[in-house]
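Asks: give the three-dimensional model of this entry:
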Amino acid sequence: MAKLSVEDLKALKVKVAKEISLREGKSKVLVTVHMGTCGIASGARAVMDALMEEMDVSDRDDIRVMAAGCLGMCSSEPNVTVEIDGAPPVAYQYMDANKMRQVFKQHVLLGNVQSDFAMAVM
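Replies: Below is the predicted model:
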């Protein structure tokens, strides 16, 4: 294994700190990808990957990402819930990577609920 330089360690520290803040930090937005076995079997990993790619591009630090178990609507997996301060949570159904990107850009960043994919406003 190659030795790590000081620069490598600093870059790793920044990356890990960002990942931890996404899970535990205070935020205005919470995006939950429901990753029970039914969600994973339906493609929730690809949805989470797309979400994390969009998070990297957006460089926002007020959005928290969380993985959770099944929402209880296995027939509509993969499911994603978006919660924005001051607005009711919205559950999205039948998500895929492209739909996740659209929900992220339109709902998470701009506040426009994507009713075509919305299962329920809670």
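Asks: every contact and neighbour count from this point should use C-alpha atoms.
Replies: OK.
Asks: which stretches of this protein have low pLDDT?
Replies: The chain contains residues with pLDDT under 70 at 1, 16-26, 122.
Asks: end to end on stretch 39-47, go ahead and measure it.
Replies: With C-alpha to C-alpha, to the nearest Å as the measure, stretch 39-47 spans 10 Å from end to end.
Asks: quick one: buried residues of it?
Replies: G39, I40, S42, G43, A44, R45, A46, V47 (16 or more other C-alpha atoms under 10 Å).
Asks: looking at the residues you listed, which is nearest M119?
Replies: G39 (15.1 Å; C-alpha to C-alpha).
Asks: list the contacts of that closest one.
Replies: C70, C74, E77, P78, N79 (C-alpha atoms under 8 Å, 6 or more residues apart in numbering).
Asks: do you know how far it is from P78?
Replies: From G39 to P78 the distance is 5 Å (C-alpha to C-alpha).
Asks: I'd like the buried residues of stretch 39-47 as a markdown table, with distance to R101 appended.
Replies: Compiled in a markdown table, the buried residues of stretch 39-47 are given as follows (distance: C-alpha to C-alpha, whole Å):
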| residue | distance to R101 |
| --- | --- |
| G39 | 18 |
| I40 | 18 |
| S42 | 17 |
| G43 | 14 |
| A44 | 13 |
| R45 | 14 |
| A46 | 11 |
| V47 | 9 |
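Asks: so which of those sit within helices?
Replies: Judged by DSSP state H, the buried residues of stretch 39-47 include G39, I40, S42, A44, R45, A46, V47 as members of helices.
Asks: of all those residues, which comes closest to S58?
Replies: Nearest to S58 out of those is V47 (C-alpha to C-alpha; 16.5 Å).
Asks: I'd guessed that closest one sits against M100; true?
Replies: Yes: under the criterion of C-alpha atoms under 8 Å, V47 makes contact with M100 at 6.1 Å.
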